[in-house]
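# Give me a 3D structure for the following:
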Amino acid sequence: MTTSRSRSAALRRLRPWLFGWFAFQAVVAVTGWLLARRRDEGDETSTSIRRAITHSGVELRPTNPELSRLRLDLAMAGGEIDLTALPLPPHGIDLTVRAMMAGLAVRVPADWRVWWRFRGVGGIGTDGSLQRTHDEHAADLRIHAVVVFGGIGVEAG
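Predicted coordinates:
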């Protein structure tokens, strides 16, 4: 039978570890917020967009038909990019993703060709209705991904 005395002793031993864990999470979140203030560039009407996100999420719906580059740095975060409002790009769009314990959903128009290179621990998947090309230069969307414990999902919209 456990007594309240043994529970309180266990709680006292566990308290520094819990405090350390929450302090670590706070440091990562504040560092991400400061980094994002320095690195974020562009908005949904820009030709180049960059976002650095930690501990939260991001939703992007670019509207500029001249969009050429998207860059996302995600740490313990999630993201959603919706490219369905864009016309077929003449030279393609480059999407660079660096993610750690994060996930990203990308929605593209059904007639776009997609190429990707994925490195890391995790995966990239499609909904099956997408046109995947093995020619990087012929692709409408080129995804360059480095992911650790995360994934990217690409679907036709």
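# Strands of this protein, residue ranges please.
Remark: strands assigned in the chain by DSSP state E are 48-54, 57-60, 69-75, 78-82, 93-100, 103-108, 113-126, 131-132, 141-156.
# Using a markdown table, lay out those together with mean neighbour count.
For the C-beta atoms, the positions are set from N, CA and C on the backbone; glycine is no exception. A markdown table is the format used below for the strands of the chain (neighbours: other CB atoms under 10 Å):
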| stretch | mean neighbour count |
| --- | --- |
| strand 48-54 | 19 |
| strand 57-60 | 14 |
| strand 69-75 | 21 |
| strand 78-82 | 18 |
| strand 93-100 | 20 |
| strand 103-108 | 21 |
| strand 113-126 | 16 |
| strand 131-132 | 12 |
| strand 141-156 | 19 |
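# Least confident of those, on average?
When these are compared by mean pLDDT, strand 131-132 comes last with a mean of 86.
# Give me the residues contacting it.
Residues outside strand 131-132 that contact it (CB atoms under 8 Å, 6 or more residues apart in numbering): 111-116, 126.
# Widest-spaced pair of the residues you listed?
The span of the contacts of strand 131-132, defined through CB to CB, is set by Asp111 and Trp116 at 17.5 Å.
# Met76: what's its closest spatial neighbour, skipping adjacent residues?
Distances taken as CB to CB, 6 or more residues apart in numbering put Met101 closest to Met76, at 4.9 Å, once the chain neighbours are dropped.
# same check, this time on Leu35
Using CB to CB, 6+ apart, the nearest residue to Leu35 is Ala52, at 5.1 Å.
# Report the beta-bridge partner residues of that neighbour.
Note on Ala52: beta-bridge partners by DSSP bridges are Asp73.
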